[in-house]
Structure formats: structure tokens, C-alpha cells
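Asks: build me a model:
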Amino acid sequence: MSNPQPNVTAYLATQKKTTNKELAAEWTLIEELYNEKLWNELTIKLVTFVRHESLQDETALLQLYQNFLSTFETKINPYGLIQILEVVVDNIGDKKEAIEFLEKMKDKVKICDEAVWYLQVMQGNLYLSNLNDLNATKKIIEELRDVLEEAGNVTPVHGKYYMLASQYYRRVGKHSDYYRCGLQFLGCSMDEYPRDQWAQQAFFLGLAALLGDGVYNIGELLAHPILESLKGTENEWLMELLKAFNTGDINKFNDMKKIWSKIPDLAAQEVKLRQKISLLCLMEMTFKRSAIERAISFTDIAQETKLPAKEVELLIMKALALDLVRGEIDQVAGVVNMSWVQPRVLNRSQIVGMASTLDTWMGAITNMEKLMENRAAEILTN
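Replies: Prediction:
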């Protein structure tokens, strides 16, 4: 036997009898929109209405869905429907039931890819935050990764996905993946992120930048406004440490050891951190030199990186293998001839240095141009 159809008229009449005058007025407006079949306006209204403090109860929200929303859910925008149901699901006590509820909704919103993706992200959040099911969370992240990358444009779901993925990667200790997804989230949805959580997020991203394998473009984080939220906090020192890494300032790194070594994750990875800042130091040495001055001696590298002479060649080989720099090692002369350094987001002083290099280059071109003009007659005669 099929379930009886909800009596929408009776349900709305009951809701309007609430002693909360504000809520009663809201229900009256909702009834008018429903009776006039203004589905778009009704959807927009319900997206905000379900967040009313008087409705934050599992029973109230489920009744709203079962007795009202379910009667026209196929007539409204699928993405808007999932926005409404997000609040309903948040208030369902049994999170396994919440996931099953969402699973049943997939067929109802399948005509809208973004709604399906949004629904999957919601399931992922439930698996991760409430059920601690890392395998199920990972499966959803991997399923959505390629789909969203092929979407062709940034959708409202991208930010939600990157937040889910970054939280998962932080939980499992994958620093570089957390860093990447964390920055992508901020690029999509920073305005939606609560300001009182900026400092904590900046701290986590800063640690991930230092500890993450393959993360050498630290300037990308330094250029992001979220890092400013660390100012005036107990973790303000992290900004200075990140700046030291970005420029390969090993003296600063050593001077700050008493501070950063208090963080267990950093103290446990001191060898790894020293290798990373040494590589960044080599990159900075290469970047600062003009194209005609990139024959860098092993002695200079040892002096800048504070490494024993016997370890310099290994450092260079590591940098070449990671494609941080390109060049050729001359073991006989004890130099490396650099031809390229991996592009990075630059700070102000690095930009000033590049401008100076460009000025020198332009001056050389101007001098050559004048020389050609002065000798033009001689060249043409000969």
C-alpha cells in the first residue's frame, strides 16, 4: 500500500498557529507562494527559512520535508532543494540515517550535476566529521576530484569540495595535499569562511607549507590575506618563519629554532626542514643572479646553505631531480652552471631584485643598439 499523500493545507494551517508572531508571518508568506505556485520564490524563501532558530529540531524539519517540501520537490531547482535539505540533514541525530536520506535524494536531483556533487560532499562531511569513516570519505573525494576538474568552470560546489578534501588530508597527515586543497578552497570560498577561524586555518596551512613534500612555492601562501590573521596571535612567529623559507634564509631559520621547535610536528621533522630550506636557498641564489652570472661555485653554496662541502653536490642533484632548477654540474671546476629556476610567487624584495635585473638587461640592449647605430656605416660599407 502506498503512503497517503500529505495534507499540505492542514500542515500549513497548524504551523501558522504558532505563538511566535514572526514565525507565523513567515509561514503565511510561504503558504501564499505555495498556493500561487511561485516555485523559484518559494525555494529562495525556504533556503533561509529552514535556518530559523525555532526550527533547528530534527522532528520539526523532517515534518517540514515530509508534509510540505516533498510534495513539490521535483518542481523546484535541484540545487536549491539540496541547500534546504542540508539544514534538515544537519539536524538528523542518527548520521547513518542522514546519509541514507541523502542517498535516496540522488535520483530526485540527478538532472542537475551540481546538486548531485553537493549531495556527495554533504555525505563526505558526515562520514568524516560524524562517523570517522576515512575510507568512505576518501572514496567520495576521489570520485569527485576528476569530475570537478573537468567541469570547465568553478561552481559553488568546488569550494565545499576543497574544504572537505583539505579536512580529510589534514586528518590523515598528507601535508602537501592539505596545503593544495586548502589554498584552492580559499581561492573559491574565502568569503564564506568564518573570520574567527582564519587564524587557525592560516596556522595549519603554514605548517603544511613547511612540512609538505613538493611544496616550494611558499610565496603563494605569503601573498594570501588569510596569513595576516596571525598578527597579534601567539602564532605570529610562523609568518616570519615562512618568509625565511621563501627566501632560503637559513640564519633566520636557525635563530628561530627555540620557537619553532616547540611545535612537535616541526621538531620531529628538523632534518626534512633543513633540506627544504637548503633547496630554497639554492633556488634563491640562482634567482638573484643574472643569466650571465649563474655559474655558482660549490664553495658559495656551502657558505650560504651552511652545509658541509661534501654535501653540496648532493643538494644540487636533489634540486635538479625535483626540477627546482636546471643546469649542469662541473665537478672539475666545482661549479654548477644554472640555466633556469622554477617560477614562484615573489615577495616585494624579490620583485625589486627582478626589476633591477631587467633594468640592467635593458641597459645592455640600449648600449648594443647604440653600438650598432655607430657602426652601421662601417658594416654597410664592408
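
Asks: so where's this protein shaky on pLDDT?
Replies: Judged by pLDDT under 70, the chain has its weakly predicted residues at 1-3, 346-364, 367-368, 370-382.

Asks: mind running it again at 50?
Replies: 1 (pLDDT under 50).

Asks: quick one, strands of it?
Replies: 295-297, 325-330, 335-341 (DSSP state E).

Asks: and those: which comes nearest residue 16?
Replies: strand 335-341 (69.1 Å; C-beta to C-beta). The way it works is simple: take the backbone N, C-alpha and C, and place the C-beta from them, glycine included.

Asks: who touches the closest one?
Replies: Strand 335-341 is contacted by residues 283, 286-287, 289, 294-298, 301, 316, 324-330 when judged by C-beta atoms under 8 Å, 6 or more residues apart in numbering.

Asks: before we move on, what about stretch 73-85?
Replies: Taking C-beta under 8 Å, 6+ apart as the rule, stretch 73-85 contacts 39-40, 42-44, 46-47, 50, 65, 69, 101-102, 105, 108-109, 111-112, 114-115, 118-119, 122, 156.

Asks: go with 7 Å
Replies: Applying C-beta atoms under 7 Å, 6 or more residues apart in numbering, the contact partners of stretch 73-85 are 39, 43, 46-47, 50, 69, 105, 108-109, 111-112, 114-115, 118-119.

Asks: also stretch 215-226?
Replies: With C-beta under 7 Å, 6+ apart, stretch 215-226 has contacts from 176, 179, 183, 186, 190, 198, 201-202, 205-206, 209, 227, 242-243, 245-246, 279-280, 324, 342, 344-347.

Asks: can I get the CA coordinates of it in PDB?
Replies: The C-alpha trace of stretch 215-226 is given here as PDB (Å, rounded to 0.1, in the frame of the first residue of the first chain):
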ATOM      1  CA  VAL A 215      55.700  22.400  -1.600                       C
ATOM      2  CA  TYR A 216      58.300  25.000  -2.600                       C
ATOM      3  CA  ASN A 217      56.100  27.900  -3.700                       C
ATOM      4  CA  ILE A 218      55.600  29.300  -0.200                       C
ATOM      5  CA  GLY A 219      55.200  32.800  -1.600                       C
ATOM      6  CA  GLU A 220      51.700  31.700  -2.700                       C
ATOM      7  CA  LEU A 221      50.600  31.500   0.900                       C
ATOM      8  CA  LEU A 222      52.600  34.600   2.000                       C
ATOM      9  CA  ALA A 223      50.700  36.600  -0.600                       C
ATOM     10  CA  HIS A 224      47.300  35.400   0.700                       C
ATOM     11  CA  PRO A 225      45.400  37.800   3.100                       C
ATOM     12  CA  ILE A 226      44.500  35.000   5.400                       C
END
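
Asks: measure how far it is from the centre of its chain, please.
Replies: On the basis of C-alpha atoms, centre = their mean, to the nearest Å, stretch 215-226 is displaced by 11 Å from the centre of the chain it belongs to.

Asks: any idea how far residue 220 is from residue 51?
Replies: As judged by C-beta to C-beta, to the nearest Å, residue 51 and residue 220 stand 35 Å apart.

Asks: whoops, residue 250 was the one
Replies: With C-beta to C-beta as the criterion, residue 250 and residue 220 are 21 Å apart.

Asks: before we move on, what about residue 281?
Replies: Distance, residue 281 to residue 220, using C-beta to C-beta: 19 Å.

Asks: for residue 266, give me its contacts.
Replies: So residue 266 contacts 210, 260, 273 (C-beta under 7 Å, 6+ apart).

Asks: report how many residues lie close to the last one.
Replies: Here the number of neighbours of residue 273 (other C-beta atoms under 10 Å) works out to 19.

Asks: phi and psi next, for residue 232.
Replies: phi 80, psi 0 (degrees, to the nearest 10).
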